[in-house]
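Turn this into a structure:
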Amino acid sequence: MANGKNGLKATFLYNPALLSQEELRSLFVARHAERDRILGHLRAAGSSPQHSLVIGERGMGKTTLLLRLAHSVGEEPDLKAQWIAVRFDEEQYNIGELADFWLNCLEKIAEDTHDPEPIAIVDQLIDEHSARDKERKERNDPLEAAAFLRLKQYSIQHGRRLLLLVDNLDLLLARLDPRREAHRLREVLQQETRIMLVGASTRPILETFDYDSPFYDLFDVIKLEPLNLDETLDFLRKLGTSFHREAETAAVIEQRGEDLSILHILTGGNLRTTTLLFSLLQEDPGAKLELLLDRLLDQYTSSYKDAIEALPPQGQRVFDSLARAWNPATAEDTARDLRIERGVASAQLHRLVERDLAVKVQLPQRSLGFQIRDRFFNLWYLMRGGRRRRPNLRSLLGFLELFYRRRRPAEPESVIDRLQRLGLLNPGLLAEAQKGAVLLAQREGFAQGEMIFAAGTSRAHLLALCLRQQYESAEKEAEALLFINPADGLVRASQAYLLERRGQTQDALRVLSEGPEIPPPAWLRLERARLSIALRDTEIDPALPLSVMDSGIPAGEIAALAVALSRRGEHKLVWTAQGLLSHALERAPQDVQVLLAGCEVELASERPKQALVYLRAALEAARRAETLAEAGPQMDMALRLGAHQPNEVLDVLKAVGLVESWVPLTHALVFLGGKTDLLETLAPEMKIFTLSVIAAIREAAAVSMPQAAGVIGN
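Numbering: from 1, shown residues only. Predicted coordinates for the structure are as follows:
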């Protein structure tokens, strides 16, 4: 990615060594604790320096951390007086033996200090020892010993010790002779007080924790963990500060918190990917979630394709099988999928591990599984994997959106929406109010007393104020209009709902109860009942179901009142709730909202099997209406019913074709049904997310049906 309007450089993402020291300092907004820990070792280094090994997946900040350590040594006078930071390239392909490493140390010192002396030493050593190259292979290497001696002499001569910063240390150790050179390097690091080594690796190095290895227990191992959600958001804020986009970044975090939660799960808290996300959000803060994910994945296309194409044909097939599986797969699974011998599959899987493309995972019953190491790589592969796989990933993304949308605090319904749903607002009056709202916007600087009616009628003026969210002015307007005409139902409903929005539910009920209507219209009965339920007033009109039968009030409104009554948990209100529900179902038997209300009422009546019937009907109705992609309420109900009927809910999801779409929920229901092994075989990030779904099921059960919560334990 080239420099953009936000100033973010591609070099920071893929080659931070090309950044200036000042640029890197301003962009180093994470991993401060790890840097300080290593600098603490430097300051405390006495006769026995503490070597360190930094472990982290690609993109977690290892290279940037090593560079920042080198700069810190140069910036702090006390450290600069004691240490020379020797920075190595990420890949040292020219190293074939330990002698090459010491020669590289001298060359890197020359590059960083612009001192020609180390280069002259290297040239002299090579000239002196090249003639005896064959001989030195048969005994202790005089070139290795001489190169290290001259390196040590340079350190003594300049009165500063050497901090060796080695990226991909695992590759270096793999190139050394394990019987001779590995022991020699261990001896140097253990005994030589003038050298401290800080290495980095994408994975744990066997030699550092194998008891029989010469490097056992030599390093302070520092693991760069993925950022959690809070750390990711803090990282974005710090990037915003570095690029002088604090306000824009804060606004994105505030407005798109749910989307950022979803992307955090999919990207795994990777620093590089989060930095890319920051860049994309600065370019297009309102980009749709799916587009953001596509653009993030596209940034990695070149490097991911190169990694796959570097594999032999059989290795590519095994990689494909493993990526399609997503969750850990055994050699038997891979062999069966590709119709090859188990031994061939096993050999190829282990080669993928050696190439750092796959990782071993311990499965139940002591079986060994494999999965793609970089989970974002795996996601990229699936998203590019053709028509058959891509819809499943889209469905998973949709599920994630639904799961996080359901956590959003409910905002008060607008006055206009409420009036429309009660059938009190006709299109002509609404159009008049909308014109008035435009006029009010044009006169925004005027004091209320200077305003003229924005539209032709006082009712339209009231609604115009509501459309402009000038609720205080609207309350005064409604009060004045009711003084003139106490029988105006639209104005009375408006005033009641304005009061309810401010939490003055008792006052709202008083306004609705003071009307002169005899007998009161159905909408008024409905609103009084709703507010009475909110105030826990048990005096609900038992004839309410009959009064709304032919009222024209939408079936969804009637069903919502039935749900509110049923949630009170009072036996004498059950028949009223059932009556309202029956009428709503008669009016709209295929309405998803009404069918879900049936689930609620049956749950409150402790009839979960009947609730399950309504859930299936709601899902099938949503499928016919092609609204399953927006099935948040259905998912909520599945979560609640799954608390005590996991297998039955799973059967319903299978019947309506949602098993693949609602992947985490499916895993959770299987787990709650007793098949716990499945949870252990999930990919790590899917396991974490599935556990959150299970927690949501438990929470829903405790709230909606406390007597069922014990079924799934604590």
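
quick one: buried residues of stretch 368-382?
Buried residues in stretch 368-382, counted by 16 or more other CB atoms under 10 Å: 369-382. Quick note: C-beta positions are derived from backbone N, CA and C, even for glycine.

would you turn these into a markdown table with pLDDT and distance to W83?
Shown next, in a markdown table, are the buried residues of stretch 368-382 (pLDDT from 0 to 100; distance: CB to CB, whole Å):
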| residue | pLDDT | distance to W83 |
| --- | --- | --- |
| G369 | 92 | 44 |
| F370 | 95 | 42 |
| Q371 | 93 | 41 |
| I372 | 93 | 39 |
| R373 | 89 | 34 |
| D374 | 88 | 34 |
| R375 | 86 | 38 |
| F376 | 90 | 36 |
| F377 | 92 | 37 |
| N378 | 90 | 41 |
| L379 | 88 | 42 |
| W380 | 91 | 41 |
| Y381 | 91 | 43 |
| L382 | 87 | 46 |
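
So which of those is the closest to L276?
The nearest member of the buried residues of stretch 368-382 to L276, counting by CB to CB, is F376 at 10.5 Å.

about what we covered before: what's the closest of the buried residues of stretch 368-382 to F483?
So of the buried residues of stretch 368-382, ranked by how close each gets to F483 (CB to CB), first place is L379, at 62.9 Å.

Quick check, that closest one in contact with D294.
No - L379 is beyond contact range of D294, at 11.1 Å (criterion: CB atoms under 8 Å).

Show only the entries of the buried residues of stretch 368-382 found in helices.
Within the buried residues of stretch 368-382, residues falling in helices by DSSP state H are R375, F376, F377, N378, L379, W380, Y381, L382.

residues in contact with the fourth one?
N378 sits next to A323, W326, Q371, I372, A683 when contact means CB atoms under 8 Å, 6 or more residues apart in numbering.

How about Q299: what's its closest non-neighbour residue?
Distance criterion CB to CB, 6 or more residues apart in numbering; nearest residue to Q299, sequence neighbours excluded, is L276 at 5.4 Å.

Point out where the stretch 401-550 of the chain drops to low pLDDT.
Within the stretch 401-550 of the chain, the ranges that satisfy pLDDT under 70 run 406-411, 443-456, 516-518, 538, 541-543, 547-550.

What of the stretch 601-714 of the chain?
In the predicted model of the stretch 601-714 of the chain, residues 628-631, 703-714 satisfy pLDDT under 70.

now do 80
The stretch 601-714 of the chain contains residues with pLDDT under 80 at 626-632, 677, 684-685, 700-714.

by how many degrees do the helix or strand encompassing L393 and helix 375-383 diverge?
Per DSSP states H and E: L393 is located in helix 390-405. For helix 390-405 against helix 375-383, the angle by axes from the mean of the first three to the mean of the last three CA atoms, to 10 degrees is 130 degrees.

Return the list of helices and strands in contact with helix 390-405.
Applying 3 or more CB pairs under 8 Å, 6 or more residues apart in numbering; DSSP states H and E, we find helix 390-405 packed against helix 257-267, helix 289-299, helix 375-383, helix 632-641, helix 663-672, helix 684-704.

Repeat the analysis, applying 6 Å as the threshold.
The contact analysis (3 or more CB pairs under 6 Å, 6 or more residues apart in numbering; DSSP states H and E) places helix 390-405 against helix 257-267, helix 632-641.

Save those helices as CSV, and put in mean neighbour count too.
Formatted as CSV, the helices and strands packed on helix 390-405 follow (neighbours: other CB atoms under 10 Å):
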stretch, mean neighbour count
helix 257-267, 20
helix 632-641, 23
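
Can I get these in JSON lines including distance to H114?
Below are these laid out as JSON lines (distance: least, CB to CB, whole Å):
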{"stretch": "helix 257-267", "distance to H114": "40"}
{"stretch": "helix 632-641", "distance to H114": "63"}
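
wait, which of the ones you listed is closest to K62?
Nearest to K62, of all these, is helix 257-267, at 17.3 Å by CB to CB.

The closest one: how far from the chain's middle?
Here helix 257-267 is found 3 Å from its chain centre; the criterion is CA atoms, centre = their mean, to the nearest Å.

cool, and stretch 369-376?
18 Å.

Tell me the spacing between Q590 and A621.
5 Å (CB to CB, to the nearest Å).

higher neighbour count, those two?
Remark: of Q590 and A621, A621 carries more neighbours, 22 against 13, as counted by other CB atoms under 10 Å.

mind listing what that one touches?
Counting by CB atoms under 6 Å, 6 or more residues apart in numbering, A621 touches Q590, V592.

Name the secondary structure element that contains it.
Element membership for A621 (DSSP H and E) is helix 608-624.

Any buried residues in that helix, and which?
Applying a neighbour-count criterion of 16+ other CB under 10 Å, one finds P608, A611, L612, Y614, L615, R616, A617, A618, L619, E620, A621, A622 buried in helix 608-624.

closest to L639 among the residues you listed?
Of all these, L615 has the smallest distance to L639: 10.9 Å, by CB to CB.

Could I get the contacting residues of that closest one?
L615 makes contacts with C599, M637, L641, as judged by CB under 6 Å, 6+ apart.

Just the closest of the residues you listed to L280, please.
Looking across the contacts of L615 and measuring by CB to CB, the closest to L280 is M637, at 34.9 Å.

Enumerate every residue touching the nearest residue to that closest one once chain neighbours are set aside.
Of all residues not flanking M637 in the chain, C599 sits nearest, at 5.1 Å (CB to CB, 6+ apart). C599 is in contact with A611, Y614, L615, M637, counting by CB under 6 Å, 6+ apart.

now these in JSON lines, with distance to R698?
JSON lines is the format used below for the contacts of C599 (distance: CB to CB, whole Å):
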{"residue": "A611", "distance to R698": "18"}
{"residue": "Y614", "distance to R698": "22"}
{"residue": "L615", "distance to R698": "18"}
{"residue": "M637", "distance to R698": "15"}
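
Return the closest of those residues with respect to E479.
The closest of the contacts of C599, once distances to E479 are taken by CB to CB, is M637, at 40.8 Å.

where's the closest one relative to A622, distance?
With CB to CB as the criterion, M637 and A622 are 11 Å apart.

Check L296 too.
When distance is defined by CB to CB, L296 is 30 Å away from A622.

Can you give me the buried ones in whichever strand or helix holds R184?
Secondary structure assignment for R184, by DSSP H and E: helix 181-191. Buried positions in helix 181-191, judged by neighbour count with 16+ other CB under 10 Å: E181, A182, R184, L185, R186, V188, L189.

residues touching the residue nearest the centre of the chain, list them.
For the chain, the residue sitting closest to the mean C-alpha position, by CA atoms, centre = their mean, is H264 at 2.2 Å. By CB under 6 Å, 6+ apart, the contact list for H264 reads L229, T232.
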